[in-house]
Each structure stands twice: as C-alpha cells, then as structure tokens.
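A.B. asks: no sequence for this one, just the structure:
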C-alpha cells in the first residue's frame, strides 16, 4: 500500500511585503518526501488592489492494481477595480473537488472512474452615495461523472468504451434599491456515450473506427420585473 499527499497552498493580502516577494507570481516552494508521502507548499502574493487567498490539496494512493486520487481546492478574494461598476464593492469565492480511480485487474484491461464538482459565487453591491443602491449575486456550478474501460483482447486490437454525464447551473439574482428583485436560472445537462476500436496490423499502420451519442437538455427560468 502506498499513499502520496501533495498540498499546494497560496495566500495573499494587502500587507507590506518586500518588493522581491511582491513581484513574484509564486514564492519559494517547500518539498518534503519520505515514507511514501510527498508534501509541496508554496505562497504567492497578489497585487494589493485585489487581495485573494486560497489553497489546493491532492492525495493519491495505490493498492496493488488500484490507483486513486482526491483533489480539493478553495479560493476567495475581491474583484479588481474596474471589473464591475466603479462605485461597487464585493467578493468572490470558488471551490472545487474531484475524485478518481483507475483499476487494472490485468494487463489487457483498464477501468477508469471519476467525478468532479466546482462552484464559483460572486457578490457585488453598489454604493448608494454615488448612484442607485443595488446588489448582484451570481453562482455558477459544474459537476460531472465519467466512466471508461479499455480492453485489449489481442495484441493489435484495442477496444475503448466510455460514458459521462455533466451538469452546469447558472443562478443570478439582482436586487434594486427600490426593492425590486429579479432572479434567473439556467441549467444544462449533457449525456454522452462513446465507443472506439483501434487495430494495428503493422507497426506503421493504425486503423480506427468509433462512434458517439450525445444528448443535451436545457432548463431556463426567470422571475421578477425583467421576466418575459
């Protein structure tokens, strides 16, 4: 049994840092390895006008013919000036997670499974002193699962089949200073199945054939004064 851990972190803030460190996109990395464990940590400084902080972690393991991995990440910060209205302020946050496994029961077969999810949230609010007060909220989320298998019944022949399902969800909400609220939601779901065959009768010759079936569904909704 073997496990390896990789931790990637980065942080920044509008603090007084030295010029050499402030100009560096990535700070000095620290690597630790031993007993099947690998750790990597690094720091990076963002520009003071849009501070952000976050980190990532990755854990991998192997037991005989099974390999697995888990990835986690998070990041939050403030938008750069000019990204929205000049008299607005806000924040954003993003998170991600993914898992996967590869199983090779014998040399002629390989099975791969995976799943992932990512979310980004943004919020901005206008300053009522310089204009109309208002708030804007947006959330974008993507998720999906996948599976694939590769078989090699005989040396020059490879057969690969796969399937995946993915979903994207976009939600927005706007609140005007008068109290009027508008909400929108768009959801897209995609399904796909594929199969492919590769035949190599000679080292310099490769013949490939395959097909794919895909379907997409869309769901949309709106409420409020701007709804149609």
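C.D. replies: Received, thanks. Note that this is a predicted model, so its numbers are computed, not measured. Residues are numbered from 1 along each chain as shown.

A.B. asks: How about residue 114: which residues does it bridge to?
C.D. replies: Note on residue 114: beta-bridge partners by DSSP bridges are residue 100, residue 146.

A.B. asks: give the contact list for it.
C.D. replies: 98-101, 145-147 (C-beta atoms under 8 Å, 6 or more residues apart in numbering). Every residue, glycine included, has its C-beta placed from N, CA and C.

A.B. asks: Can you show me the helices along this structure?
C.D. replies: 19-22 (DSSP state H).

A.B. asks: Residue 93: neighbouring residues, count only.
C.D. replies: Counted with other C-beta atoms under 10 Å, the burial measure for residue 93 works out to 16 neighbours.

A.B. asks: Could you do residue 189 as well?
C.D. replies: Per other C-beta under 10 Å, the neighbour tally for residue 189 reads 15.

A.B. asks: got a list of what it touches?
C.D. replies: Neighbouring residues of residue 189 by C-beta under 8 Å, 6+ apart: 165-168, 216-217, 219.

A.B. asks: give me that answer again for 6 Å
C.D. replies: 167, 217 (C-beta atoms under 6 Å, 6 or more residues apart in numbering).

A.B. asks: right, and residue 220 touches residue 186 too?
C.D. replies: Yes. Using C-beta atoms under 6 Å, residue 220 makes contact with residue 186 at a distance of 5.1 Å.

A.B. asks: If you count surrounding residues, which of the two has more?
C.D. replies: The neighbour comparison of residue 220 against residue 186 (other C-beta under 10 Å) goes to residue 186, with 15 against 10.

A.B. asks: how many neighbours does the spatially closest residue to that one that is not a sequence neighbour have?
C.D. replies: Spatial nearest neighbour of residue 186, chain neighbours left out: residue 170 (4.6 Å); criterion: C-beta to C-beta, 6 or more residues apart in numbering. Residues lying near residue 170 (other C-beta under 10 Å) number 15.
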